[in-house]
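In: the sequence and its predicted three-dimensional model are supplied below.
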Amino acid sequence: MRLRVDPSIRSTAILPILKDETEGIWRPYGVQLEWVDARLDEVAAEGFSVEAVLDRRSEGPADPDRAVLGRASVPQDAVGAGPIRVSFDATERMLLRRPSSPHFVGEQDMARALGRVLAHEIGHVLLAVRNHDHAGLMRAVFTPAELGSPDRAPFRLTCDGFGRLRSRIQVMTRGPQMSDSEEMDRTPCPLTVVR
């Protein structure tokens with residue numbers, strides 16, 4: 001994982017918790033995330049490389065009841081996927097909608113929620129799916145309470161999702177199977193939260 005962070009996000013506590021949460025969601029499925037410096041030009045790593053950007057803004061619709069927290073561009077075979085984008089500001093706005101929320105979001109809750117959004121978007125790339133499941137990590141809608149809660153249960157893969165992951169492992173580690181002349185469809189898969 002190459003993670004680039006908007007320079008205006010200065011908290012030193014958020015990134016370690018975000019990484020721990022993202023790893024904790026994927027670890028039970030045998031996915032080991034290795035974080036590398038986003039400034040490196042070349043990454044010598046075994047397996048599959050994904051770039052993510054933790055940005056301030058969201059590129060989604062301006063609907064006050066729905067917010068696009070993250071976005072992933074997924075090519076047909078998931079090899080060479082564009083960077084994942086996670087919106088810090090949209091995630092913070094969602095967490096502020098929790099009934100028990102004070103007028104600010106603590107760093108731990110913020111980091112946990114960002115890690116969950118990132119884990120969901122990584123799922124689109126790893127599973128090479130643009131669509132969403134009806135339950136679990138790969139559903140399209142999470143509540144603000146689920147995003148900030150210490151309970152990870154709502155962020156598990158379904159049995160179908162786990163089956164897709166197992167079938168994708170070989171494809172992800174072999175590299176592209178397409179010729180350079182073939183065009184890849186990069187339809188965005190936004191994660192949306194409804195209050």
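Out: The structure has been received and is ready for your questions.
In: only C-alpha atoms from now on, for both contacts and neighbour counts.
Out: OK.
In: before we move on, which element is residue 4 in?
Out: strand 2-5 (DSSP states H and E).
In: what is the mean pLDDT for that strand?
Out: On average, the pLDDT along strand 2-5 is 94.
In: dump that strand to PDB, keeping only the CA atoms.
Out: Listed next in PDB are the C-alpha coordinates belonging to strand 2-5 (Å, rounded to 0.1, in the frame of the first residue of the first chain):
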ATOM      1  CA  ARG A   2       1.200   3.400  -1.000                       C
ATOM      2  CA  LEU A   3      -0.700   6.000   1.100                       C
ATOM      3  CA  ARG A   4      -0.400   9.700   0.300                       C
ATOM      4  CA  VAL A   5      -1.800  12.100   2.900                       C
END
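In: show me what contacts residue 136?
Out: Contact analysis of residue 136 by C-alpha atoms under 8 Å, 6 or more residues apart in numbering lists 153-158.
In: next: residue 147.
Out: Each residue near residue 147 by C-alpha under 8 Å, 6+ apart is listed here: 95, 109, 112-113, 116.
In: returning to what we had before: by contact count, what packs against the strand holding residue 4?
Out: For strand 2-5, the packing partners by 3 or more C-alpha pairs under 8 Å, 6 or more residues apart in numbering; DSSP states H and E come out as strand 36-37, strand 51-55.
In: nearest to residue 149, of the ones you listed?
Out: strand 51-55 (20.6 Å; C-alpha to C-alpha).
In: which strands and helices sit next to the helix or strand just after that closest one?
Out: Per DSSP H and E, strand 51-55 leads on to strand 66-71 as the next helix or strand towards the C-terminus. Applying 3+ C-alpha pairs under 8 Å, 6+ apart, one finds that strand 66-71 makes contact with strand 84-87, helix 88-95, helix 107-127, strand 191-194.
In: which secondary element of the chain has the worst mean pLDDT?
Out: strand 187-188 (a mean of 44; mean pLDDT, DSSP states H and E).
In: mind checking pLDDT for the most centrally placed residue in the chain?
Out: Per C-alpha atoms, centre = their mean, the C-alpha nearest to the average position across the chain is that of residue 118, at 2.1 Å. For residue 118, the pLDDT comes out at 97.
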